[in-house]
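A.B. asks: let's see this in three dimensions:
(one chain, ligands or ions: 1)
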Amino acid sequence: MAASKSGRLMSIPLKITPEESASSSLDRSSPLISFEDVSKVFNLREATFHAVNGLNLAIRPGEFVTLVGPSGCGKSTLLNMVAGLMKPTSGIVSYRGVPVVGINQRVGYMTQADHLLPWRTIAGNISVPLEISRIGKGARRARIEELIELVGLTGFEASYPTQVSGGMRKRAALARLLASDPETLLMDEPFGALDAQLRLAMQTELLNVQARLGKTVVFVTHDLDEAISLADRCVVFSSRPGRIVQVIETGLPRGRDLLALRFDPSFLKLARGLWETLTPELKSVERPT
Ligand SMILES: Nc1ncnc2c1ncn2[C@@H]1O[C@H](COP(=O)(O)OP(=O)(O)OP(=O)(O)O)[C@@H](O)[C@H]1O
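C.D. replies: Residues are numbered from 1 along each chain as shown. Purely as a prediction, here's the structure:
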């Protein structure tokens, strides 16, 4: 399945947009995203939460980085800071060498809930960011067609979200995420609710799309196998306040077959190492008081 999907994706001529031209001009060795001594504290009336503590991390253009760690260790908070939805309490979060202030227009955000509008068709949902960006009707239609084909939804343009499967909804959400051509994809457990087979199909789709479009991806997951199999680099966090306990360079080849990988000794070794790192951490998983 991976091969035919990849073949389909590779056959689509990619329209180079100004955004892609800009990102291709980036120095690939300098960080696209950097966290310098970043801490985040939430002051609530009844308590103070140190979500992240003294974090240093640099993410290069085109890298696929997964973030994994116990619940409440601040993974989503990090994505929110890159998106400009939250400010660090101390330290600096930079994007393209500039501190993030306000909403970061160069990133797209995808969460576990797909947030498709039930009263719009699949094409209509993918159209939303293009309409917000005031893209003309003709260009919009061409872009939607390109995206529909890219994620394998041809024939379902006119269907409503309630009329398609969970996997197709995810594909539609992925197409909508890509519609405005963000340079970086921030993904917060996007496939968390899918069954194992669908999850594998979507993971394959995402890796194909990333390879095709050269996106940078920062991907939060609780699934340790997913954290290894998708990553160029897997960043492992301690329990709250989150600090980095391990960075795993997976060294896995691009264009890998994710199904075959699950039984590959190099993958099993990496996955086992991650389980061993996180097992003591899992004992201190955040619990409601
Ligand atoms: N807006 C907020 N106000 C107050 N506390 C917050 C807020 N956002 C996050 N927190 C707290 O900060 C800590 C880190 O939360 P965050 O959602 O970033 O963790 P996470 O690692 O993504 O967790 P999970 O894996 O469960 O999604 C948690 O203790 C959480 O309760």
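A.B. asks: the one helix or strand residue 266 maps to - contacts with which helices or strands?
C.D. replies: Element membership for residue 266, per DSSP states H and E: helix 265-282. Here helix 265-282 touches helix 224-229, strand 233-237, strand 244-249, going by 3 or more CB pairs under 8 Å, 6 or more residues apart in numbering; DSSP states H and E. (Glycine included, C-beta is placed from N, CA and C.)
A.B. asks: what about the first one, average pLDDT?
C.D. replies: Model confidence over helix 224-229, given as mean pLDDT, is 94.
A.B. asks: what's in contact with it?
C.D. replies: 66-68, 191, 199, 203, 221, 234, 248, 250, 252, 256, 258, 261-262, 267, 270-271, 274-275, 278 (CB atoms under 8 Å, 6 or more residues apart in numbering).
A.B. asks: that one and the ligand in contact?
C.D. replies: No: taking CB under 6 Å from any ligand atom as the criterion, helix 224-229 and the ligand are apart, separated by no less than 12.0 Å.
A.B. asks: can I get that helix in CSV, CA atoms only?
C.D. replies: Only the C-alpha atoms of helix 224-229 are listed here, as CSV (Å, rounded to 0.1, in the frame of the first residue of the first chain):
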residue,chain,number,x,y,z
LEU,A,224,6.1,5.1,21.9
ASP,A,225,6.3,3.1,18.7
GLU,A,226,4.8,6.0,16.7
ALA,A,227,7.4,8.3,18.4
ILE,A,228,10.2,6.2,17.0
SER,A,229,8.9,5.1,13.7
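A.B. asks: just the element for the closest residue to the ligand within the stretch 151-289 of the chain, please.
C.D. replies: Nearest to the ligand in the stretch 151-289 of the chain, going by CB to the nearest ligand atom, is residue 240, at a distance of 5.3 Å. Using DSSP H and E, residue 240 is not contained in any helix or strand.
A.B. asks: nearest spatial neighbour of it, skipping sequence neighbours?
C.D. replies: residue 72 (4.8 Å; CB to CB, 6 or more residues apart in numbering).
A.B. asks: a helix runs through the one you found, doesn't it?
C.D. replies: No: applying DSSP: H, G, I helix; E, B strand; the rest coil, one finds residue 72 to be coil, outside a helix.
A.B. asks: from the ligand, how far out is it?
C.D. replies: Distance, residue 72 to the ligand, by CB to the nearest ligand atom, to the nearest Å: 4 Å.
A.B. asks: which pLDDT value belongs to that residue?
C.D. replies: pLDDT, residue 72: 85.
A.B. asks: wait, it touches residue 237, no?
C.D. replies: No: with contact defined as CB atoms under 8 Å, residue 72 does not count as touching residue 237 (10.1 Å).
A.B. asks: comparing these two, which residue is more hemmed in?
C.D. replies: When residue 72 and residue 237 are compared for neighbours, residue 237 comes out ahead with 23 against 18, by other CB atoms under 10 Å.
A.B. asks: ok, what's across the strand from the more buried one?
C.D. replies: Beta-bridge partners recorded for residue 237 (DSSP bridges): residue 244.
A.B. asks: hmm, it is touching residue 67, no?
C.D. replies: Yes: between residue 237 and residue 67 a contact is recorded at 6.8 Å, counting by CB under 8 Å.
A.B. asks: which neighbours do those two share?
C.D. replies: Residues touching both residue 237 and residue 67 (CB under 8 Å, 6+ apart) are residue 75.
A.B. asks: for the stretch 51-200 of the chain, which segments count as helices?
C.D. replies: Secondary structure of the stretch 51-200 of the chain (DSSP state H, counting those that start in this stretch): helices located at 75-83, 122-132, 137-150, 166-179, 196-213.
A.B. asks: which parts of this structure sit against the ligand?
C.D. replies: Counting by CB under 6 Å from any ligand atom, the chain sits next to the ligand at 42, 44, 49, 51, 71-77, 240, 286.
A.B. asks: could you rerun that using 8 Å?
C.D. replies: 40, 42, 44, 49, 51-52, 69-78, 80, 86, 188-189, 220, 222, 237, 240, 242, 286 (CB under 8 Å from any ligand atom).
A.B. asks: and stretch 238-245, how far from the chain's centre?
C.D. replies: Put simply, stretch 238-245 sits 20 Å off its chain's centre (CA atoms, centre = their mean, to the nearest Å).
A.B. asks: can you give me the buried ones in that stretch?
C.D. replies: 238, 239, 240, 241, 242, 243, 244, 245 (16 or more other CB atoms under 10 Å).
A.B. asks: reformat those residues into TSV and put pLDDT next to each item.
C.D. replies: As requested, the buried residues of stretch 238-245 are exported to TSV (pLDDT from 0 to 100):
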residue	pLDDT
238	85
239	83
240	77
241	78
242	79
243	86
244	92
245	91
